[in-house]
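A.B. asks: Attaching a predicted model along with its sequence, questions to come.
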Amino acid sequence: MIDRLKAWLTEGGGQATGKADELELAVAALLIEGAAVDAPLDEPERATVRRILKRRFALDDAALQQLVAAAEGKAERSTQLFGTVRLLNERFSHAKRIEVIEMLWEVAYADGALDPLEDSMLRQVGGLVDVSDHERGEARLRVLRRLGIAESS
């Protein structure tokens, strides 16, 4: 699992500096928090989070289940995003942070619509990880096109 994450981090200029499991958990917890910001985590959002994590980190089912359970626990115990985004800022390249924003957009649109709380969280996280409004908007458009959702949603 660590080698897969290091490969993902280092492709395109990522900065793998050890503790890959901690990074993986940070991304997973952020996605869980994004999914639960507007209401309790529902099955379409949970399935989207699992699909994203499995695809991005090439996890088998057992590793995926373990990561999601740990991320849900971390998200429940967390009172603020600062620790998670600090880790992402320290260890992810700018391009990888944009990818995380893209993952969050995908989770936000899991139910086909964007809730104002999800939009607000994405704006906040974008600012905290130094992803500009323009870059965040471009990431949103890529996700909308990929999901086949009209841009006015």
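C.D. replies: That came through fine.
A.B. asks: does residue 59 sit in a helix, a strand or a coil?
C.D. replies: Three-state assignment for residue 59 (DSSP: H, G, I helix; E, B strand; the rest coil): coil.
A.B. asks: For it, grab the count of nearby residues.
C.D. replies: 21 (other CB atoms under 10 Å). For the C-beta atoms, the positions are set from N, CA and C on the backbone; glycine is no exception.
A.B. asks: any idea of the pLDDT on it?
C.D. replies: We note a pLDDT of 93 for residue 59 in this prediction.
A.B. asks: Correct me if wrong: it contacts residue 52.
C.D. replies: No - when contacts are counted by CB atoms under 8 Å, residue 59 is not listed as touching residue 52 (10.6 Å).
A.B. asks: quick one, strands of this structure?
C.D. replies: Counting by DSSP state E, the chain has no strands at all.
A.B. asks: In it, where is pLDDT below threshold?
C.D. replies: 1-20, 78-80, 152-153 (pLDDT under 70).
A.B. asks: Spatially nearest residue to residue 111 (excluding sequence neighbours)?
C.D. replies: residue 44 (5.5 Å; CB to CB, 6 or more residues apart in numbering).
A.B. asks: count of residues packed around that neighbour?
C.D. replies: 13.
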